[in-house]
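> Sequence and predicted structure are below.
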Amino acid sequence: LGRLDAIRCTSRPSRHRGRHGGASPSRHCHFAAQTGLVGVAYVSRRGPVMTVAAIIVAAGKGVRAGASVPKQFAELCGKPMVSHSVDAFTSHSAIAEVIVVAGEGQEDQAREKLGESLNFVKLVTGGAERRDSVRAGLEALEAEGVTRVLIHDAARPFLSAAVIDALLAALDHVPGAVPV
(Lines give C-alpha, C1' and ligand atoms only; values in the text may rest on other atoms or scores of the structure.)
Protein backbone atom coordinates (compact mmCIF):
# COMPACT_ATOMS: atom_id res chain seq x y z
CA LEU A 1 0.00 0.00 0.00
CA GLY A 2 2.75 2.53 0.73
CA ARG A 3 5.48 3.36 3.23
CA LEU A 4 5.87 3.91 6.93
CA ASP A 5 8.05 6.38 8.70
CA ALA A 6 8.23 5.19 12.29
CA ILE A 7 8.48 8.23 14.46
CA ARG A 8 9.53 8.52 18.08
CA CYS A 9 8.13 11.68 19.62
CA THR A 10 8.79 13.29 22.95
CA SER A 11 7.13 16.21 24.62
CA ARG A 12 9.08 19.11 26.07
CA PRO A 13 7.82 22.40 27.41
CA SER A 14 8.16 25.12 24.82
CA ARG A 15 8.25 28.88 24.95
CA HIS A 16 5.03 29.00 22.95
CA ARG A 17 1.68 29.53 24.60
CA GLY A 18 -1.07 27.05 23.89
CA ARG A 19 -4.60 27.88 22.79
CA HIS A 20 -5.74 28.29 26.37
CA GLY A 21 -2.87 30.48 27.54
CA GLY A 22 -0.80 27.75 29.19
CA ALA A 23 2.51 26.43 27.99
CA SER A 24 2.00 23.90 25.24
CA PRO A 25 4.34 20.98 24.88
CA SER A 26 6.38 20.95 21.72
CA ARG A 27 6.80 17.58 20.06
CA HIS A 28 10.32 16.87 18.92
CA CYS A 29 10.13 14.04 16.43
CA HIS A 30 13.01 11.83 15.46
CA PHE A 31 12.78 9.49 12.55
CA ALA A 32 13.49 6.08 13.95
CA ALA A 33 13.09 3.91 10.86
CA GLN A 34 11.80 3.70 7.33
CA THR A 35 10.19 0.61 5.86
CA GLY A 36 8.26 -0.17 2.73
CA LEU A 37 4.77 -0.07 4.28
CA VAL A 38 2.01 2.53 4.73
CA GLY A 39 1.65 3.53 8.30
CA VAL A 40 0.79 5.56 11.24
CA ALA A 41 2.87 7.65 13.57
CA TYR A 42 1.60 8.13 17.09
CA VAL A 43 2.48 11.61 18.33
CA SER A 44 1.45 12.02 21.97
CA ARG A 45 -1.45 11.88 24.40
CA ARG A 46 -2.39 15.21 25.94
CA GLY A 47 -5.47 14.28 27.91
CA PRO A 48 -8.58 12.21 27.27
CA VAL A 49 -9.59 13.83 23.96
CA MET A 50 -7.87 12.37 20.92
CA THR A 51 -7.33 14.57 17.88
CA VAL A 52 -6.35 12.76 14.71
CA ALA A 53 -4.67 14.35 11.70
CA ALA A 54 -3.58 12.91 8.38
CA ILE A 55 -0.49 13.85 6.42
CA ILE A 56 -0.65 13.00 2.74
CA VAL A 57 2.84 13.03 1.27
CA ALA A 58 2.50 14.23 -2.33
CA ALA A 59 6.04 15.46 -2.92
CA GLY A 60 7.47 12.83 -5.25
CA LYS A 61 8.84 13.59 -8.68
CA GLY A 62 7.41 10.43 -10.28
CA VAL A 63 10.62 9.73 -12.21
CA ARG A 64 10.17 5.93 -12.10
CA ALA A 65 6.59 6.23 -13.39
CA GLY A 66 7.92 7.91 -16.55
CA ALA A 67 4.85 10.14 -16.95
CA SER A 68 4.81 13.80 -17.90
CA VAL A 69 3.45 14.71 -14.44
CA PRO A 70 4.31 13.31 -11.01
CA LYS A 71 2.06 10.31 -10.39
CA GLN A 72 0.33 11.89 -7.38
CA PHE A 73 -1.12 14.47 -9.81
CA ALA A 74 -1.90 12.01 -12.63
CA GLU A 75 -5.57 11.41 -13.42
CA LEU A 76 -7.10 8.18 -12.11
CA CYS A 77 -10.80 7.44 -12.47
CA GLY A 78 -11.51 11.03 -13.47
CA LYS A 79 -9.56 12.90 -10.80
CA PRO A 80 -5.96 13.44 -9.65
CA MET A 81 -4.54 10.55 -7.65
CA VAL A 82 -3.92 12.79 -4.62
CA SER A 83 -7.63 13.67 -4.53
CA HIS A 84 -8.55 10.04 -3.81
CA SER A 85 -6.48 10.14 -0.61
CA VAL A 86 -7.79 13.59 0.33
CA ASP A 87 -11.37 12.33 -0.09
CA ALA A 88 -10.69 9.24 2.05
CA PHE A 89 -9.40 11.32 4.94
CA THR A 90 -11.74 14.31 4.73
CA SER A 91 -14.78 12.04 4.64
CA HIS A 92 -13.68 10.04 7.71
CA SER A 93 -15.34 11.22 10.91
CA ALA A 94 -12.26 10.61 13.10
CA ILE A 95 -9.94 12.83 11.06
CA ALA A 96 -9.86 16.42 12.34
CA GLU A 97 -7.20 17.86 10.03
CA VAL A 98 -5.57 16.91 6.73
CA ILE A 99 -2.19 18.18 5.56
CA VAL A 100 -1.04 17.68 1.96
CA VAL A 101 2.72 17.99 1.56
CA ALA A 102 3.74 18.97 -1.98
CA GLY A 103 7.26 19.02 -3.33
CA GLU A 104 9.18 22.25 -3.63
CA GLY A 105 8.19 23.80 -6.93
CA GLN A 106 5.01 21.68 -7.11
CA GLU A 107 2.84 23.95 -4.98
CA ASP A 108 1.01 25.57 -7.93
CA GLN A 109 0.39 22.20 -9.54
CA ALA A 110 -0.90 20.86 -6.21
CA ARG A 111 -3.25 23.85 -5.83
CA GLU A 112 -4.56 23.32 -9.36
CA LYS A 113 -5.08 19.57 -8.89
CA LEU A 114 -6.62 19.87 -5.42
CA GLY A 115 -9.05 22.58 -6.53
CA GLU A 116 -11.94 22.94 -4.08
CA SER A 117 -10.36 20.35 -1.77
CA LEU A 118 -8.04 23.17 -0.63
CA ASN A 119 -11.00 24.39 1.44
CA PHE A 120 -10.61 21.25 3.58
CA VAL A 121 -6.84 20.68 3.69
CA LYS A 122 -3.71 22.63 4.46
CA LEU A 123 -1.00 22.65 1.79
CA VAL A 124 2.61 22.51 3.03
CA THR A 125 5.89 22.49 1.09
CA GLY A 126 8.01 19.40 1.60
CA GLY A 127 11.73 18.80 1.61
CA ALA A 128 14.38 17.11 -0.50
CA GLU A 129 13.69 13.61 0.86
CA ARG A 130 10.49 11.89 1.93
CA ARG A 131 11.47 12.08 5.59
CA ASP A 132 11.93 15.86 5.21
CA SER A 133 8.45 16.12 3.72
CA VAL A 134 6.95 14.09 6.57
CA ARG A 135 8.79 16.31 9.03
CA ALA A 136 7.34 19.43 7.32
CA GLY A 137 3.86 17.94 7.70
CA LEU A 138 4.47 17.18 11.39
CA GLU A 139 5.81 20.67 11.99
CA ALA A 140 2.66 22.12 10.40
CA LEU A 141 0.66 20.20 13.01
CA GLU A 142 2.85 21.13 15.98
CA ALA A 143 0.60 23.90 17.31
CA GLU A 144 -2.65 22.05 16.57
CA GLY A 145 -2.81 19.82 19.66
CA VAL A 146 -2.89 16.67 17.55
CA THR A 147 -2.52 13.43 19.46
CA ARG A 148 -2.35 10.95 16.55
CA VAL A 149 -1.07 11.27 13.01
CA LEU A 150 -1.73 9.02 10.03
CA ILE A 151 0.92 9.30 7.32
CA HIS A 152 -0.05 8.27 3.81
CA ASP A 153 1.50 8.38 0.33
CA ALA A 154 -0.62 10.26 -2.22
CA ALA A 155 0.44 7.73 -4.85
CA ARG A 156 -1.58 5.06 -3.00
CA PRO A 157 -5.11 6.21 -3.92
CA PHE A 158 -7.36 3.40 -2.69
CA LEU A 159 -7.28 3.94 1.06
CA SER A 160 -10.46 2.63 2.66
CA ALA A 161 -12.28 3.77 5.78
CA ALA A 162 -11.81 0.23 7.11
CA VAL A 163 -8.01 0.57 6.96
CA ILE A 164 -8.17 3.95 8.71
CA ASP A 165 -10.46 2.46 11.40
CA ALA A 166 -8.14 -0.53 11.91
CA LEU A 167 -5.08 1.71 12.28
CA LEU A 168 -6.82 3.99 14.76
CA ALA A 169 -8.04 0.98 16.75
CA ALA A 170 -4.50 -0.42 16.84
CA LEU A 171 -3.24 2.88 18.24
CA ASP A 172 -5.44 2.34 21.29
CA HIS A 173 -3.00 -0.43 22.25
CA VAL A 174 0.38 0.34 20.63
CA PRO A 175 2.36 3.49 19.78
CA GLY A 176 2.60 2.73 16.04
CA ALA A 177 0.90 0.50 13.49
CA VAL A 178 0.92 -0.55 9.86
CA PRO A 179 -1.86 -2.29 7.92
CA VAL A 180 -1.30 -5.95 7.10
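Ah, there it is. Residues are numbered from 1 along each chain as shown.

> burial measure for the residue nearest to Ser85 when sequence neighbours are not counted, as a count.
The shortest distance from Ser85 to any non-neighbouring residue, by C-beta to C-beta, 6 or more residues apart in numbering, is to Ile56 (4.9 Å). For the C-beta atoms, the positions are set from N, CA and C on the backbone; glycine is no exception. A total of 27 residues lie near Ile56 under the criterion other C-beta atoms under 10 Å.

> Same check on Glu139?
Counted with other C-beta under 10 Å, Glu139 comes out at 13.

> Am I right that it falls within a strand?
No. With DSSP: H, G, I helix; E, B strand; the rest coil as the criterion, Glu139 is located in helix rather than a strand.

> if I look at it, how far off is Asp153?
19 Å (C-beta to C-beta, to the nearest Å).

> So which residues of this protein form strands?
4-17, 23-35, 39-42, 52-58, 75-76, 79-80, 95-102, 122-125, 148-153, 176-177 (DSSP state E).

> Direction included, what does the fifth one pair up with?
Spelled out, it's strand 75-76. When pairing is defined by DSSP bridges, strand 75-76 lines up against strand 79-80 (antiparallel).

> what's the answer for the last one, then?
Its sheet considered, strand 176-177 pairs with strand 39-42 (antiparallel) by DSSP bridges.

> For the partner strand, what does the pLDDT average out to?
Mean per-residue pLDDT for strand 39-42: 45.

> Check stretch 111-125 too.
Stretch 111-125 comes out at a mean pLDDT of 94.

> end to end, how far does that stretch reach?
12 Å (C-alpha to C-alpha, to the nearest Å).

> With adjacent residues omitted, what lies nearest to Leu76?
Closest to Leu76 by C-beta to C-beta, 6+ apart is Pro157, at 5.8 Å.

> count of neighbours near Gln106?
21.

> Sorry, wrong one. I was asking about Val52.
Residues lying near Val52 (other C-beta under 10 Å) number 22.

> Which residues does the nearest residue to it once chain neighbours are set aside form beta bridges with?
Once flanking residues are discounted, Val52 sits nearest to Arg148: 4.6 Å by C-beta to C-beta, 6+ apart. In this structure, Arg148 bridges to Tyr42, Val52 when assessed by DSSP bridges.
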